[in-house]
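Visitor: mind looking at a prediction? Sequence and model below.
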Amino acid sequence: MHDAVWINANLATMRDGYGVIQDGALAVTAGKISWIGARTAWKEQAREEHDARGAWITPGLVDCHTHLVYAGNRAHEFEMRLKGATYEEIARAGGGIVSTVRATRAASEEHLFHSAKKRIGQWLREGATTVEIKSGYGLDRDTELRMLRVARRLGDTITVKTTFLGAHALPEEYRGRADEYIDFVCNEVLPEAAKDGLVDAVDAFCERIAFDVAQTTKVFSKAKALGLPVKLHADQLSDLGGAALAACHGALSADHLEYSTENSVKAMQRAGTVAVLLPGAFYFLRDTQLPPIEALRRHGVPLAIATDHNPGSSPLTSPLLAMNLACTLFRLTPEEALTGMTRHAARALGLRATHGTLERGMQADFALWDIAAPAELAYAIGANPCLATVRAGESVRATL
Ligand code: NIG
Ligand code: FE
């Protein structure tokens, strides 16, 4: 006897391409998918039966790169950029990431929690069941830990993977002392956060306005010593060889990649590092340097898509719009975009065995959609056809 079954649904399992099962049935027991197949083959029994009325069911969307916990916003910097200032110039003049750091340091844990929880409603409304959340707007011990505690608490609402991003920017009090700051991050902040069980992975911003290859390597070595996987903000504004560096450390993912070279792409393929594309940041910064999509495809590097939600470079609160932008700006196909927000995104978080596809034994995280074909998810701009979001077999949001 299964706990519940959804019938009268078309399933996009995302096991291989869309992996379509027309007129399917999907059963759930104890939070896991316990049966999936054609409805005509369903001969078992379930305590509850849900009629999906022809809706499509996909895996719950997985947003594998966000900075969802922060205070304040940077609308004034948006105005400055539209008047001609660049993102880098604003950062060098003491704005950018460190301006959000000032606001976040001043915010209470409750404020950070409630503002992020409110934001996450938008992800749930659009069928997302898993998000990654980074620290990196504290850049001191207490605020980094506070951000990570908030991220963990948000796990009651949506499945959360936390990422420590202490090496996001140089805080003002360390001006001119970047190496000392990296030592502080590695010796005092990261071990403390890891000891408290607050860290699932470690990230850094390897860029000329942030940290160089040697400093990033130090952070990665510390992560390794603590048994934590790594990922990297790589090659967003210039080519420092970040993607190759990430691959060389066996990173789960290398993210952004606008300036990555073919050699870096090859290194990613060899290491099994996922390419996380962030079209929201590309769009919002009015970038023109495209990531090397063709080379990534040619070398068979898995492509994930994420919102990169953050107040500076990507105030994007819509996973569906991220998929649309990946298609319009990066020329991904709608199938690649949906794979990038499900199967490959789960892999970028080390969750491939349990999340990102509809298969027996996987976590019962899925979304129901009022669409006639899965390509509509990436096609519509600003529409939200999500009818229900189900996490571990429980409806977390439903209009059906
Ligand atoms: O992923 N690139 C670095 N970090 C963020 C931007 C953070 C910010 O501007 O506040 C990103 O784009
Ligand atoms: Fe980011």
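Guide: Perfect, I can see it now. Ligands and ions are numbered 1, 2, ... in the order given.
Visitor: C-alpha from now on. contacts and neighbour counts both.
Guide: Fine.
Visitor: quick check: the residue nearest to the spatial centre of the chain vs Val265, distance?
Guide: For the chain, the residue nearest the mean C-alpha position is Cys64 (1.8 Å; Cα atoms, centre = their mean). Here Cys64 is placed at a distance of 19 Å from Val265 (Cα to Cα, to the nearest Å).
Visitor: ok, now Asn310?
Guide: In terms of Cα to Cα, Asn310 sits 26 Å off from Val265.
Visitor: write out the residues of the stretch 201-350 of the chain neighbouring ligand 1.
Guide: Residues of the stretch 201-350 of the chain lying close to ligand 1 (Cα under 6 Å from any ligand atom) are 205, 281, 308, 310-313.
Visitor: residues touching stretch 374-382, excluding its own?
Guide: For stretch 374-382, the surrounding residues in contact (Cα atoms under 8 Å, 6 or more residues apart in numbering) are 12, 18, 56, 320-321, 323-324, 327, 334-335, 337-338, 371, 385.
Visitor: just the buried positions in it, please.
Guide: 374-379 (16 or more other Cα atoms under 10 Å).
Visitor: can you tell me which residues contact the residue of the stretch 201-350 of the chain found nearest ligand 1?
Guide: Going by Cα to the nearest ligand atom, ligand 1 is nearest to Gly312 of the stretch 201-350 of the chain, at 3.6 Å. Contacts for Gly312 (Cα under 8 Å, 6+ apart) come out as 73-74, 77-78, 96-97.
Visitor: quick one on the thing from earlier: which one of the buried residues of stretch 374-382 sits closest to ligand 1?
Guide: Nearest member of the buried residues of stretch 374-382 to ligand 1, counting by Cα to the nearest ligand atom, is Ala378, at 21.8 Å.
Visitor: next SSE downstream of the helix or strand encompassing Leu387?
Guide: Here Leu387, judged by DSSP states H and E, is contained in strand 386-391. Later in the chain than strand 386-391, the nearest helix or strand by DSSP H and E is strand 394-398.
Visitor: mind giving me the packing neighbours of that next one?
Guide: Secondary-structure packing of strand 394-398 (3 or more Cα pairs under 8 Å, 6 or more residues apart in numbering; DSSP states H and E): helix 109-125, strand 386-391.
Visitor: one more time with 6 Å
Guide: When contacts are defined as 3 or more Cα pairs under 6 Å, 6 or more residues apart in numbering; DSSP states H and E, strand 394-398 sits against strand 386-391.
Visitor: still on that earlier bit, list buried residues within the contacts of Gly312.
Guide: Listed as buried from those are 74, 77-78, 96-97; burial here means 16+ other Cα under 10 Å.
Visitor: what about the strands in the stretch 51-200 of the chain?
Guide: Along the stretch 51-200 of the chain, counting by DSSP state E, counting those that start in this stretch, strands occupy 56-59, 61-63, 128-134, 159-167.
Visitor: got any ranges where the stretch 101-250 of the chain has weak pLDDT?
Guide: Judged by pLDDT under 70, the stretch 101-250 of the chain has no weakly predicted residues.
Visitor: buried deepest among the strands of the stretch 51-200 of the chain, which one?
Guide: Across the strands of the stretch 51-200 of the chain, averaging neighbours per residue (mean count of other Cα atoms under 10 Å) puts strand 61-63 on top, at a mean of 32.
Visitor: relative to strand 128-134, how tilted is the helix or strand encompassing Phe205?
Guide: If you go by DSSP H and E, Phe205 is part of strand 201-206. Relative orientation of strand 201-206 versus strand 128-134 (axes from the mean of the first three to the mean of the last three Cα atoms, to 10 degrees): 60 degrees.
Visitor: what comes into contact with strand 201-206?
Guide: 163-165, 167-168, 212, 228-234 (Cα atoms under 6 Å, 6 or more residues apart in numbering).
Visitor: could the strands of the stretch 51-200 of the chain go into CSV alongside distance to ligand 1?
Guide: Shown next, in CSV, are the strands of the stretch 51-200 of the chain (distance: least, Cα to the nearest ligand atom, whole Å):
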stretch, distance to ligand 1
strand 56-59, 25
strand 61-63, 13
strand 128-134, 10
strand 159-167, 9
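Visitor: which one of the ones you listed lies closest to Glu359?
Guide: The minimum distance between Glu359 and these falls on strand 56-59, with 9.4 Å, by Cα to Cα.
Visitor: give the pairing partners of that closest one; include direction for each.
Guide: Sheet pairing of strand 56-59 (DSSP bridges) gives strand 2-12 (parallel), strand 366-369 (antiparallel).
Visitor: and Ala383, how far from Pro315?
Guide: Note on Ala383: its distance to Pro315, by Cα to Cα, is 18 Å.
Visitor: swap in Leu377?
Guide: Separation of Leu377 from Pro315 (Cα to Cα): 20 Å.
Visitor: quick check: residues of the stretch 1-150 of the chain near ligand 1?
Guide: 96-97.
Visitor: mind checking how far stretch 113-124 is from the chain centre?
Guide: 15 Å (Cα atoms, centre = their mean, to the nearest Å).
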